[in-house]
Each structure stands twice: as structure tokens, then as C-alpha cells.
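Chemist: Prediction below, plus the sequence it came from.
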Amino acid sequence: MTQDKPSKLYHSISEVATQTGVKAHVLRYWETEFPELQPAKGSGGQRSYSRVDVELILRIKRLLYEERFTVAGAKKRLADEAVATAAPAEAKLDSVPQNQVESVRRAVQSARHELEEILASLK
């Protein structure tokens with residue numbers, strides 16, 4: 001039951017269960033309770049957990065098992081932490097020159113348009 005950070009980019013649910021000491025059925029349950037935990041799923045529905053997902057699982061485990069939060073309390077704590085983390089980023093955005101913001105906005109819109117075209121061609 002090791003809690004070392006993984007070296008691979010993506011991990012199966014069984015690998016994550018071993019790494020974190022959380023059973024696979026509990027991980028699947030947490031996916032239904034914690035909207036932040038949404039591992040990528042392949043065409044066959046197999047879950048692929050990223051390093052960020054594994055870190056979130058360890059955070060949830062710590063809140064529930066060590067700090068003794070309820071699931072609702074852990075959800076609230078994670079939401080509060082997300083808001084606290086986002087606030088400084090928004091404050092930094094105010095100091096960015098408007099022309100840079102517009103440049104990034106155009107690049108994102110262009111990328112989105114390209115992705116939509118690719119998606120349409122795949123259908």
C-alpha cells in the first residue's frame with residue numbers, strides 16, 4: 001500500500017487502487033460523489049487515471065479517513081479549496097494587458113473551432 005506519486009501518465013483502476021490503498025469499488029463510488037474526479041474513459045469504458053486524479057484521490061482519502069470528514073463535508077472542503085485557488089489566478093488576470101488577453105482568447109476560439117471540425121468529421 002504505497003502512496004508514492006506515479007511515474008506513468010495514466011493508470012488503470014486496479015493500479016490506482018493498489019497505489020492509494022482504496023478499493024476499486026470505492027473509487028467508482030467516489031466518481032459519483034466528487035465531480036472533480038472524472039478519469040478519462042476509453043472506448044470500452046476502461047478508466048484511465050492521470051497523476052492529478054491520483055493526487056485528488058489521495059486528498060479525498062485523507063479528508064475522509066484521516067480528518068474524518070463526511071462525504072458531504074469533504075465535497076464542501078474541496079469546493080472551498082478550489083475557490084480559494086481560483087481567486088489569486090483571477091486577480092493575476094486583471095494585471096495582464098488587454099491585448100494579451102484578446103490574443104489568448106482568439107487562440108482558444110481558433111483551437112475550439114478546429115476541434116469542433118475534427119469532431120464533426122469523425123461523426
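Modeler: Sure thing, it's come through. Numbering: from 1, shown residues only.
Chemist: from here on, contacts and neighbour counts on C-alpha atoms
Modeler: Fine.
Chemist: All the strands of the chain, residue numbers only.
Modeler: 10-11, 40-41, 47-50 (DSSP state E).
Chemist: Does anything pack onto the second one? Which helices or strands?
Modeler: When contacts are defined as 3 or more C-alpha pairs under 8 Å, 6 or more residues apart in numbering; DSSP states H and E, strand 40-41 sits against strand 47-50.
Chemist: contacts for the strand it packs on?
Modeler: 9-13, 16, 39-42 (C-alpha atoms under 8 Å, 6 or more residues apart in numbering).
Chemist: got it, and stretch 27-35?
Modeler: With C-alpha under 8 Å, 6+ apart, stretch 27-35 has contacts from 13, 17, 37-38, 57, 71, 75.
Chemist: try 6 Å this time
Modeler: Residues from elsewhere that reach stretch 27-35 (C-alpha atoms under 6 Å, 6 or more residues apart in numbering): residue 37.
Chemist: any idea how far stretch 110-122 is from the chain center?
Modeler: 23 Å (C-alpha atoms, centre = their mean, to the nearest Å).
Chemist: Please disregard the earlier target; I meant stretch 66-76.
Modeler: Centre-to-centre, stretch 66-76 and its host chain are 18 Å apart (C-alpha atoms, centre = their mean).
Chemist: re earlier: could you dump the strands of the chain into a markdown table and include distance to residue 109 and mean pLDDT?
Modeler: Output for those, formatted as a markdown table (distance: least, C-alpha to C-alpha, whole Å; pLDDT from 0 to 100):
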| stretch | distance to residue 109 | mean pLDDT |
| --- | --- | --- |
| strand 10-11 | 28 | 92 |
| strand 40-41 | 23 | 91 |
| strand 47-50 | 26 | 93 |
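Chemist: Thanks a lot, see you next time.
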